[in-house]
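K.L.:
model the structure of this input:
(chains A and B)
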Amino acid sequence: MKTDHELIKEFQEGRETAFNELVKRHLPNTYGFFIKFTADEVEAEDLAQDVFIKMYKALKKFRFESEFKTYLFRANVNMSNTYLRRTKWRNLLHLDQAPEPGYVDTGLEDEWRRKELWDAVSKLPSRQRMVVTMRIAQEMPYKEISKIMEISENSAKVNYHHAVKTLKDLFKN
Amino acid sequence: MKIEKQFQDISQSQFSAPDGDSFLEKLHNERQRRIGKKVGLLNGLSAGIIVAVFGLITTSQLTDDPTIFASNDLTPLEIMDNETEEFVYELAEYLVENSDDIWETLTFLDEIEFETVVTMNNGGLE
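P.N.:
Residues are numbered from 1 along each chain as shown, chains lettered A, B, ... in the order given. Next up, the predicted model:
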């Protein structure tokens, strides 16, 4: 099986199918990241599509300085930040229509809670938001997070704990 | 809300990834659509620039201020070609000479602001 770098090299040389192979290889992870993030199949697919369209352009200039997986994950996190900003007002509207406390549809209630949580995450400072997103959406170990964000492992841990504390405070209020 | 539990719930949620082939088909279609949109936008912008530049050059090439061109044939109101001028003068003279009521003719020429003929030779009285 060819490595990601080999496929990128082939794509840079003009072999389109190499890009397709790369997409197929990383689609489950990328889609999984966004489905956990949005809880909406259509939106998750759209976000994954946007990321790969950006990759199509970016990979032509890829310099092989980092792993493709790391590069793609950074793009996913950036896309999720854009998505959070874009849907901030929409989330607010949705929260206004949140179900009553005694509502019986637990599935819907869970969805609202998830929306509430992501809305709170969107209010975190950038670094904390990125660490939390990676921890929640992909259960990523601190070591890998630190590699992607180019920070120390301890800094990743501290950011995560600060984020959790801030989120708890937000929900208390 | 227990934040840690929420995190855990989200992390453990199950999903099935979309079919790779249909995803790729949609991806490339969307990519083509975006390229087409971009090209269309650039073409529109270029056409707009060309029209604007052409219009600017054309306007700047005019010897007279475009606002003085009020007639349909784009001839300045104040300027008549020799042939027309001659014809108008002859017509005015004819009207003056052959009218039954010279004052009525002069009033008419006055109305059309043909001042030259009105004042010419004291209105033809000399």
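K.L.:
gap between the residue nearest to the spatial centre of chain A and A:R114?
P.N.:
For chain A, A:V77 is the residue whose C-alpha lies nearest the centre (CA atoms, centre = their mean; 4.2 Å). Separation of A:V77 from A:R114 (CB to CB, to the nearest Å): 18 Å. C-betas here are computed from N, CA, C, even on glycine.
K.L.:
what's the answer for B:Q8, then?
P.N.:
12 Å.
K.L.:
so these two - more neighbours on which side?
P.N.:
The neighbour comparison of B:Q8 against A:R114 (other CB atoms under 10 Å in any protein chain shown) goes to A:R114, with 18 against 13.
K.L.:
for that one, which non-adjacent residue is spatially closest?
P.N.:
Nearest residue to A:R114, sequence neighbours excluded (CB to CB, 6 or more residues apart in numbering or on different chains): A:A39, at 5.2 Å.
K.L.:
is it true that the one you found touches A:R113?
P.N.:
No - checked against CB atoms under 8 Å, the pair A:A39 and A:R113 is beyond contact range at 10.1 Å.
K.L.:
in the longest helix seen in chain A, what's buried?
P.N.:
Longest among the helix segments of chain A by residue count, using DSSP state H, is helix A:16-38. For helix A:16-38, a neighbour-count test (16 or more other CB atoms under 10 Å in any protein chain shown) marks A:18-23, A:25-27, A:29-38 as buried.
K.L.:
which SSE is immediately downstream of it?
P.N.:
helix A:41-58 (DSSP states H and E).
K.L.:
for that following helix, buried residues please.
P.N.:
Neighbour counts using 16+ other CB under 10 Å place A:44-52, A:55-56 of helix A:41-58 among the buried residues.
K.L.:
and that helix, is it in reach of chain B?
P.N.:
Yes - with CB under 8 Å from any CB of the partner chain as the measure, helix A:41-58 is seen reaching chain B through A:41, A:44-45, A:48-49, A:52-53, A:56.
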